[in-house]
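A.B. asks: 3D, please:
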Amino acid sequence: MLGFLVKFYKKTNHKFFSKDKHFAERLHHLIGFTPSNIYIFKLAFYHKSTLNNFPNDTNGLYQSNERLEYLGDALLSFVVGEYLFKKYPSANEGFLTKMRSKIVKRKMLNYIAEQMGLDHLMMEFNQTAISQSMLGNALEALVGAIYIERGFEFTKHFILSAILKKFINMDQLEEFDDNYKSQLLEWCQKHSREIDFKVLSKYKVDKRDRFKVGVYIDGQEISSAEDYNKKSAEQFASELAIQHLGVKEDSDKD
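C.D. replies: Next up is the predicted model:
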């Protein structure tokens, strides 16, 4: 009986380490090193809405990637802010703030995370549909995990080399404005139109809130869109409204 238990333990333990080894190899390709604390990196890809239960660490500190996301968000904001401060020595505070917002905003982080292939890693640890917003959260959590494992200087280098310089064209970003809600509000103000954003519905999808938001101009519904985040839904609905109203074409004529 004892011999059977020893063989069973070795067999199951080998499978456990074999799975972790595969994950560690994929991480090494992504972040440039093999982490010693594999748990913290698994956690970076675990979203709170998943159906399976991710085990706590020995201190019971973590249950999802939200804490790591919080840490990564702060690191990204600081490193990007410092980078822009040095890159544009003559730029004013308003320009720097707008550029930083374009880089660290959810839509941009979602895009970068998808390009990095984080969606494939997330599918290993979540029994739920992987949304775009979850990808950006995972990228922030990954940055937080890297900081815990390797410290600030390595994390700063990773952000600059593996994110900013690899996926962002600063020249194009300077000219690009994807704040569709702001564009729509300015257009309505210019043309003396009344605008309102209404939450048409709110419901659960995979234990997560999902919002449907409508854009109303002069009391008439112009467009509507859905997302897991209310602000994102407003942006998507505003983009559709801009297309419907020909706002950009109208601005070009001016």
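A.B. asks: from now on I want contacts and neighbour counts done on CA atoms only, so please keep to that.
C.D. replies: Noted.
A.B. asks: helix/strand/coil for Lys204?
C.D. replies: With DSSP: H, G, I helix; E, B strand; the rest coil as the basis, Lys204 sits in strand.
A.B. asks: roughly how far apart are the closest residue to it other than its chain neighbours and Ile168?
C.D. replies: For Lys204, ignoring the flanking residues on the chain, the nearest one in space by C-alpha to C-alpha, 6 or more residues apart in numbering is Arg210 at 5.9 Å. Note on Arg210: its distance to Ile168, by C-alpha to C-alpha, to the nearest Å, is 29 Å.
A.B. asks: Phe78 now?
C.D. replies: 17 Å.
A.B. asks: now do Asn37
C.D. replies: Counting by C-alpha to C-alpha, the gap from Asn37 to Ile168 is 30 Å.
A.B. asks: remind me which residues of the stretch 51-200 of the chain are low pLDDT?
C.D. replies: Confidence mapping of the stretch 51-200 of the chain against pLDDT under 70 gives the ranges 51-63, 123-132.
A.B. asks: ok so the residue nearest to Lys204 is a strand residue?
C.D. replies: Yes. Assessed by three-state DSSP, Arg210 belongs to a strand.
A.B. asks: what is it paired to in the beta sheet?
C.D. replies: The bridge-partner assignment for Arg210, based on DSSP bridges, gives Tyr203.
A.B. asks: I'd say it and Ala225 touch.
C.D. replies: No. No contact is recorded between Arg210 and Ala225 when judged using C-alpha atoms under 8 Å, the distance being 10.6 Å.
A.B. asks: who has more neighbours out of those two?
C.D. replies: Counting neighbours by other C-alpha atoms under 10 Å for Arg210 and for Ala225 shows that Ala225 has the greater number, 21 against 18.
A.B. asks: any idea whether the more buried one is helix, strand or coil?
C.D. replies: Classification of Ala225 using three-state DSSP returns strand.
A.B. asks: state the distance from it to Phe236.
C.D. replies: 6 Å.
A.B. asks: quick revisit: need the contact list for the residue nearest to Lys204.
C.D. replies: Contacts for Arg210 were tallied using C-alpha atoms under 8 Å, 6 or more residues apart in numbering; they are 202-204, 226-230.
A.B. asks: Arg193 too?
C.D. replies: Applying C-alpha under 8 Å, 6+ apart, one finds that Arg193 lies in contact with 217-218.
A.B. asks: can you give me the strands in the stretch 1-150 of the chain?
C.D. replies: If you assign secondary structure with DSSP state E, counting those that start in this stretch, the stretch 1-150 of the chain ends up with no strands.
A.B. asks: all helices of it, in order?
C.D. replies: Read by DSSP state H, counting those that start in this stretch, the stretch 1-150 of the chain holds these helices, from start to end of the chain: 2-31, 38-44, 66-87, 93-104, 106-116, 118-123, 132-150.
A.B. asks: circling back: which of the contacts of Arg210 are buried?
C.D. replies: Buried subset of the contacts of Arg210 (neighbour count, 16 or more other C-alpha atoms under 10 Å): 226-228, 230.
A.B. asks: just give me the neighbour total for the closest residue to Met122 other than its chain neighbours.
C.D. replies: Distances taken as C-alpha to C-alpha, 6+ apart place Phe45 nearest to Met122, at 5.1 Å, with adjacent residues excluded. Counted with other C-alpha under 10 Å, residues neighbouring Phe45 total 29.
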